[in-house]
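# All I have is the shape, not the residue letters:
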Ligand SMILES: [Zn+2]
């Protein structure tokens, strides 16, 4: 990461309230280990100790224009993210999520079908009781409620569809999707700075 090396920076973890700039506080001064923060009308990353405490506090006078540091680091991160191993990681994560989702849907479907079976048995009991001449208002109410719930669950069950229908059209496109996400990184950073900072911190620690 050229920009960082030139600036004499090291990169640390994100803590505290979300700063306004993606790498603010993630880059550290090599001399005093305090954060590099965006400062001044020129919008440059500078050592915070130097900026607020003066030269006697830290002699690091390095000023890196925000735009140059951000574009340099982002370009390096993007290049790194396009390595096959990260593409594979992304694919594995997506498959895991889809598989978790499918398992969750299976469990839901199983629970719903068990409930439908119990309702069906109950409805039969109510119907039998009514058949023997028992016609209390409570019984009729319970029968109606059970029938309504069963109808709703049966409809839900039919709406679920086969789970593979969701997986199959998605997977072949995975590599292209991943490349789009990476190339779209600047836009993602604007809409989700805190998350991006957390990701940037973890990427930056992998030399
Ligand atoms: Zn410093």
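That came through fine. Since the model is a prediction, treat every value here as computed from it, not as a measurement.
# for the ion, what are the nearby residues on this protein?
Residues of the chain lying close to the ion (C-beta under 5 Å from the ion) are 29, 31, 32, 47, 49, 58, 60. Using the backbone N, CA and C atoms, a C-beta is placed for each residue, glycine as well.
# Now the second one: closest residue in space that isn't a chain neighbour?
With C-beta to C-beta, 6 or more residues apart in numbering as the criterion, residue 31 has its nearest non-adjacent residue at 4.6 Å, and that residue is residue 60.
# Residue 81 too?
Spatial nearest neighbour of residue 81, chain neighbours left out: residue 182 (4.8 Å); criterion: C-beta to C-beta, 6+ apart.
# likewise residue 21?
residue 38 (4.8 Å).
# Can you turn the buried part of the residues of the chain next to the ion into a ChimeraX selection?
Under the burial definition 16 or more other C-beta atoms under 10 Å, those of these that qualify are selected in ChimeraX by:
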select :29,32,47,49,58,60
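# In strands, which of the residues of the chain next to the ion appear?
Helix and strand membership here follows DSSP state E; of the residues of the chain next to the ion, those in strands are 29, 47.
# now, which of the residues of the chain next to the ion sits nearest residue 118?
Distance to residue 118 across the residues of the chain next to the ion (C-beta to C-beta) is lowest for residue 29, with 66.2 Å.
# Where in the protein is the helix or strand with the lowest mean pLDDT?
helix 2-7 (a mean of 44; mean pLDDT, DSSP states H and E).
# Right, I'll leave it there.
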